[in-house]
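*Asks:* Take a look and give me a structure for this.
(one chain, ligands or ions: 1)
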Amino acid sequence: MPIRFASKPGLVAYLTAGDPDLSTTREIALSAIDAGADVIELGVPFSDPLADGPVIQRASERAVAGGTRLVDVLELAAELRVARPSAGLVIFSYYNPVLRFGIEKFCETAEKAGVDGVLVTDMIVEEADDYLVHLRRHHLAPIFLAAPTSPDERLKKIAEVSEGFVYAISRTGITGAQKNLTADAGQLVRRLRSYTNLPIAVGFGVSTAEHVAAVGEFADAAVVGSALVAIIEKSTSEEAPSSIARFIRGLRESPSLAGAAALAR
Ligand SMILES: O=P(O)(O)OC[C@@H](O)[C@@H](O)c1c[nH]c2ccccc12
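*Replies:* Predicted coordinates:
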């Protein structure tokens, strides 16, 4: 099913699957969808998350320690698909767990689960030919990361092979909420627009209603990860789903209201 961003801008919620445990991730994902997340990025925990900042690294450690494996994440995706037929579901992984599982078996299982797309963070488009054959065979949207430092020919290649949406990272470096989004994101999206009509999602550092509104000025969706994972880290399993839902609804408030609400608190 094509990934749709019903809201403007759309919202992509990244969660590390299995943090703190798989059943809590399920409840959090359902709450996030019901609170307005158009797409859930289910992160496959990995022992060496080199592109992640400290918040998501800790989440990966907890999930790996809890025994979460790629097969469990795929089963969780299948459960979410049954529970929310129209939600966007993306498996987000480093290549190593996918390679160990077997790319063909991974794609077959993901398709059966009802996954819409796959984003392998360390899969570079110049080396993706074989990977793309498997994804296409199983109708999985290949999603790639574009960075402000990506040269034009790489943006062009990413645009040619991508489906679903293109993920524009707002800055180079690792994931993690930050105070203000850099102007690089706007410039990168403008460059990408000359190569693709796909929706473009912007991530890295998005953590407030102001950020989401700012991203909405030039991109089609905002990706929020660390800010959500930090809430999960601080919450009990019981309170996490409602805390995440409240935070996501807050991201949708118009910044002036959000500002006023923040002042009123
Ligand atoms: O955490 P942030 O700053 O909100 O950025 C989203 C990011 O976490 C998520 O999309 C992601 C998780 N792991 C990644 C690795 C590379 C790029 C992106 C990611």
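*Asks:* Excluding sequence neighbours, find me the nearest residue to the closest residue to the ligand within the stretch 151-265 of the chain.
*Replies:* Relative to the ligand, the nearest point of the stretch 151-265 of the chain is G225 (2.3 Å; Cβ to the nearest ligand atom). (C-beta placed from N, C-alpha, C; glycine too.) Counting by Cβ to Cβ, 6 or more residues apart in numbering, G225 lies nearest to Y14, which is 3.4 Å off, once chain neighbours are set aside.
*Asks:* How about D21?
*Replies:* Once flanking residues are discounted, D21 sits nearest to G66: 5.6 Å by Cβ to Cβ, 6+ apart.
*Asks:* To what extent is the one you found buried, counted in neighbours?
*Replies:* When neighbours are counted by other Cβ atoms under 10 Å, G66 registers 14.
*Asks:* separation between it and T16?
*Replies:* From G66 across to T16, the span is 10 Å (Cβ to Cβ, to the nearest Å).
*Asks:* Those residues of the chain touching the ligand, which are they?
*Replies:* Counting by Cβ under 6 Å from any ligand atom, the chain comes close to the ligand at 14, 41, 43, 51-52, 56, 121, 145, 175-177, 203-206, 223-227.
*Asks:* In strands, which of those residues fall?
*Replies:* If you go by DSSP state E, those have 14, 41, 43, 145, 203, 223-224 in strands.
*Asks:* Please list all residues in contact with the residue of the stretch 151-265 of the chain closest to the ligand.
*Replies:* Contact analysis of G225 by Cβ atoms under 8 Å, 6 or more residues apart in numbering lists 13-15, 41, 43, 56, 175, 203.
*Asks:* What of V125?
*Replies:* 144, 154, 157-158, 161.
*Asks:* so of these, which ones are in helices?
*Replies:* Within the contacts of V125, residues falling in helices by DSSP state H are 154, 157-158, 161.
*Asks:* Tell me the one among these nearest to D34.
*Replies:* Distance to D34, by Cβ to Cβ, is smallest for I158 among the ones in helices among the contacts of V125, at 31.9 Å.
*Asks:* hang on, isn't that closest one packed against S150?
*Replies:* Yes: if you go by Cβ atoms under 8 Å, I158 and S150 touch, sitting 7.4 Å apart.
*Asks:* now this structure, which segments are flagged as low pLDDT?
*Replies:* Using pLDDT under 70 as the threshold, the predicted model of the chain has low-confidence ranges 1, 177-182, 256-265.
*Asks:* can you pull out the helices in it?
*Replies:* Under DSSP H, the chain gives helices at 22-34, 54-65, 70-83, 95-101, 103-113, 129-137, 152-161, 184-193, 209-216, 226-234, 240-252, 255-264.
*Asks:* can you list those in JSON lines and add mean neighbour count?
*Replies:* Below are these laid out as JSON lines (neighbours: other Cβ atoms under 10 Å):
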{"stretch": "helix 22-34", "mean neighbour count": "20"}
{"stretch": "helix 54-65", "mean neighbour count": "20"}
{"stretch": "helix 70-83", "mean neighbour count": "18"}
{"stretch": "helix 95-101", "mean neighbour count": "16"}
{"stretch": "helix 103-113", "mean neighbour count": "18"}
{"stretch": "helix 129-137", "mean neighbour count": "15"}
{"stretch": "helix 152-161", "mean neighbour count": "16"}
{"stretch": "helix 184-193", "mean neighbour count": "19"}
{"stretch": "helix 209-216", "mean neighbour count": "21"}
{"stretch": "helix 226-234", "mean neighbour count": "21"}
{"stretch": "helix 240-252", "mean neighbour count": "19"}
{"stretch": "helix 255-264", "mean neighbour count": "12"}
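*Asks:* what about the residue nearest to G225, how many neighbours?
*Replies:* The local packing of Y14 (other Cβ under 10 Å) involves 25 other residues.
*Asks:* cool, A168 as well?
*Replies:* A168 is flanked by 31 other residues according to other Cβ under 10 Å.
*Asks:* Looks like it contacts T196 (just checking).
*Replies:* No: look at A168 against T196 with Cβ under 8 Å: they stay out of range, at 10.7 Å.
*Asks:* Pull the contacting residues for V166.
*Replies:* 143-144, 146, 158-159, 192, 196, 198-201 are the contacts of V166 under Cβ under 8 Å, 6+ apart.
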